[in-house]
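A.B. asks: structure for the following, please:
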Amino acid sequence: MADGQLAAAGGSRRDRINVLEKYELRDWAICLDTPAAAIEEAVRAVGDHVDTVVTYLQERSRAA
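C.D. replies: From the prediction side, this is the model:
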């Protein structure tokens with residue numbers, strides 16, 4: 001995923017994922033090509049920092 005995609009998905013807060021905003025969760029799901037539910041799970045598990053969420057999702061996909 002390109003840095004430009006991450007920047008576009010996050011709006012004004014590009015370093016955090018706000019799962020309480022449906023439009024933001026939808027944009028991150030599209031950007032990360034991941035279901036919104038998986039992003040919500042990741043945020044609950046590791047917090048809302050984009051880098052941490054991306055790492056968590058990558059590790060989960062490798063383990064599957």
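A.B. asks: what about stretch 21-32, average pLDDT?
C.D. replies: Here stretch 21-32 scores 95 as its mean pLDDT.
A.B. asks: distance from that stretch to the middle of the chain?
C.D. replies: Distance of stretch 21-32 from the chain centroid (CA atoms, centre = their mean, to the nearest Å) equals 7 Å.
A.B. asks: what comes up buried for it?
C.D. replies: Residues E24, L25, D27, W28, A29, C31, L32 are the ones in stretch 21-32 that count as buried (16 or more other CB atoms under 10 Å). (Each C-beta comes from the backbone N, C-alpha and C, glycine too.)
A.B. asks: distance of the last one relative to S61?
C.D. replies: So the one you mean is L32. 11 Å (CB to CB, to the nearest Å).
A.B. asks: now do the helices in the protein.
C.D. replies: All helices of the chain, identified by DSSP state H, fall at 3-10, 22-32, 36-46, 50-63.
A.B. asks: just give me the lowest mean pLDDT stretch among those.
C.D. replies: Taking the mean pLDDT of those, helix 3-10 comes last: a mean of 53.
A.B. asks: give me the phi and psi for D48.
C.D. replies: Main-chain dihedrals, D48, degrees, to the nearest 10: phi -100, psi 10.
A.B. asks: once you drop chain neighbours, what's closest to it?
C.D. replies: Spatial nearest neighbour of D48, excluding adjacent residues (CB to CB, 6 or more residues apart in numbering): R16 at 4.6 Å.
A.B. asks: swap in E40?
C.D. replies: Once flanking residues are discounted, E40 sits nearest to V19: 5.0 Å by CB to CB, 6+ apart.
A.B. asks: quick one, phi psi at that neighbour?
C.D. replies: According to degrees, to the nearest 10, V19 has phi -70, psi -10.
A.B. asks: is it true that it touches E41?
C.D. replies: No - V19 lies out of contact with E41 (CB atoms under 8 Å); the separation is 9.7 Å.
A.B. asks: any idea how far apart the tips of stretch 32-41 sit?
C.D. replies: End-to-end distance for stretch 32-41, by CA to CA, to the nearest Å: 14 Å.
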